[in-house]
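Enquirer: Provide a 3D model corresponding to the input given below.
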Amino acid sequence: MSVRGPVRAERVVTSGTFTLDGETSEADNNVWVVGDDEEVLVVDAAHDAEAIHRAVAGRRVTAVVCTHAHDDHIAAAPALSLLAGAPVLLHPADHELWLRTHPSRKPDGELSDGLVLPVAGIELRVLHTPGHTWGSCSLYAPFLDAVFTGDTLFHGGPGATGRPCSDRATVEASVRTRLLTLPGVTVVHTGHGPDTTIAAERPNVPAA
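Expert: Here you go, the predicted model:
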């Protein structure tokens, strides 16, 4: 019987640009490869499909999951899907945003609140956490004591708003009701920058 190695979350940092509403800036993104030595799930295929595919290192990819559809988080999703033979999954509320980046290629499947995504013998549960975008989702992995939040929650508090597809009160409510209710030891794997924990972020979110 082969030894598959521990289930884990591996960070791959890719770099490129983020463009929205006519403004472009440089961005370093966290791409998360979650699984074991045989199969993985990719969270947010940002910028560089080849770099992500190298990190996958021949393992079977069960899905390419998009926490939201800002272009820096999905730019490499179709190419990675082709390289890995894996479906791209996105919440339908972000389809309009997706089409701004990939007008001729739709996602392969939909994320929904409560959906369970199995990989390497564990489960990731989809939490719909709108506010940064209307379709923003987080992925909670109890086995790993971890949650993958995209741009909904960072080290220091909720993600940025102020764009037409976002709303400050909504993202704060999502963080309070869907994320801060998780165990305090839960590690928050973010879309940009360093990790944090649920306990560390509770003082950084305004009360209702």
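Enquirer: for stretch 78-97, how far is the first residue from the last?
Expert: The straight-line separation of the ends of stretch 78-97 (CA to CA, to the nearest Å) is 15 Å.
Enquirer: List the contacts of it.
Expert: Residues from elsewhere that reach stretch 78-97, judged by CB atoms under 8 Å, 6 or more residues apart in numbering: 42, 45, 49-50, 52-53, 56, 61-66, 68-70, 74, 77, 98, 102, 105-112, 117, 128, 130, 133-137, 165. Where you see a C-beta, it was placed from the backbone N, CA and C, and this is true even at glycine.
Enquirer: Give me the distance from it to the chain's centre.
Expert: In terms of CA atoms, centre = their mean, to the nearest Å, the gap separating the centre of stretch 78-97 from the centre of its chain is 12 Å.
Enquirer: Spatially central residue for this structure, please.
Expert: Thr67 (3.6 Å; CA atoms, centre = their mean).
Enquirer: need the contact list for that residue.
Expert: 43-44, 73, 136-139, 148-152, 191.
Enquirer: Now go through those and say which are in strands.
Expert: Among those, DSSP state E puts 43, 137-139, 148-150 in strands.
Enquirer: Just the closest of the residues you listed to Glu201, please.
Expert: Thr149 (9.6 Å; CB to CB).
Enquirer: hang on, isn't the closest one packed against His192?
Expert: No. Counting by CB atoms under 8 Å, Thr149 sits too far from His192 to count as a contact (10.5 Å).
Enquirer: Settle it for me: which of those two has more neighbours?
Expert: Between Thr149 and His192, counted using other CB atoms under 10 Å, the more crowded position is Thr149 (31 against 20).
Enquirer: Provide a list of residues in contact with that one.
Expert: 67, 129, 138, 159, 179, 188-191.
Enquirer: and Thr181, that one's in a strand?
Expert: No. Thr181 is assigned coil when assessed by DSSP: H, G, I helix; E, B strand; the rest coil, not a strand.
Enquirer: Model confidence at Asn30, what's the number?
Expert: In this model, Asn30 is scored at 98, pLDDT.
Enquirer: what sits against it?
Expert: Contacts for Asn30 (CB under 8 Å, 6+ apart) come out as 11-13, 44, 46, 189-193.
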